[in-house]
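In: give me a model of this one.
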Amino acid sequence: MNSSEVSDEELIRGCSQNNRKSQEMLYKRYARSLYYLCLIYENDRENAKDILQEGFIKIFRNISGFDTHNSVMSWMKRIITNTAIDYYRKNHSGNEFIRLEGVDKPCPDGESVISELGTEDIISQVDRLPEGARKIFQLHAIEGYSHREIAHLLHITVGTSKSQINRAKQLLRHRISGYYYSNGESERKR
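Out: Model (predicted):
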């Protein structure tokens with residue numbers, strides 16, 4: 001039977017019974033999307049693959065507790081995100097946040113500049129944030145975690161989470177404005 005003909009519910013039922021074929025089909029169906037999620041949290045492709053593998057081990061180990069009234073993709077994304085956060089905590093120091101003195105005031109028209117840039121330009125600037133600040137920014141701005149959840153996940157204070165978001169936004173506005181103007185775009189705007 002073709003894996004596209006099998007529903008998620010059937011795959012989950014098979015995975016709950018430790019059926020290897022069901023596990024393989026679930027993996028093939030979602031691995032690519034979840035791998036890209038891993039790359040958001042870990043730039044190194046080999047480490048991202050390790051996170052994906054560890055995440056799927058947790059998925060298969062806990063799948064019998066999955067509530068089929070929920071989205072399987074959302075549930076798996078949560079497990080992969082938590083696995084990536086665990087990996088981060090084990091492998092990175094806590095000194096990777098943005099220092100207050102390291103942020104200049106953003107250009108006054110920073111918001112209009114941001115709307116002119118492409119997604120790749122903005123993502124490249126997010127990727128340049130210090131590792132800890134980048135993780136917090138991704139968890140809050142992209143994944144929608146609250147500051148309290150981030151504080152719990154990363155073993156930091158709520159205040160640290162909030163300050164890192166604010167500083168990351170300031171730094172991004174400044175860098176994006178500088179990137180925009182350094183590429184000759186200011187001439188077109190005048």
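In: how does this protein divide into domains?
Out: Annotated domains of the chain cover 3-91, 100-189 [automatic domain parsing].
In: worst mean pLDDT among those domains?
Out: Lowest mean pLDDT within the domains of the chain: domain 100-189, at a mean of 71.
In: quick one on the thing from earlier: need the domains of the chain in TSV (columns: mean neighbour count).
Out: The C-beta positions use only the backbone N, C-alpha and C, and glycine is treated the same way. Shown next, in TSV, are the domains of the chain (neighbours: other Cβ atoms under 10 Å):
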stretch	mean neighbour count
domain 3-91	16
domain 100-189	16
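In: from residue 38, how far out is residue 131?
Out: 15 Å (Cβ to Cβ, to the nearest Å).
In: same question for residue 145.
Out: Residue 145 sits at a distance of 17 Å from residue 38 (criterion: Cβ to Cβ).
In: for the most centrally placed residue in the chain, list the residues it contacts.
Out: Taking Cα atoms, centre = their mean, the centroid of the chain lies closest to residue 40, which sits 4.4 Å from it. Applying Cβ atoms under 8 Å, 6 or more residues apart in numbering to residue 40 gives the contacts 84, 138, 142.
In: now the helices for this protein?
Out: Along the chain, counting by DSSP state H, helices occupy 8-16, 20-41, 45-62, 72-91, 110-116, 119-127, 131-137, 147-154, 158-182, 185-189.
In: gap between the fourth one and the chain center?
Out: Read it as helix 72-91. Put simply, helix 72-91 sits 9 Å off its chain's centre (Cα atoms, centre = their mean, to the nearest Å).
In: quick check: the gap between the closest residue to residue 62 other than its chain neighbours and residue 6.
Out: Once flanking residues are discounted, residue 62 sits nearest to residue 79: 7.3 Å by Cβ to Cβ, 6 or more residues apart in numbering. For residue 79, the distance to residue 6 equals 21 Å [Cβ to Cβ].
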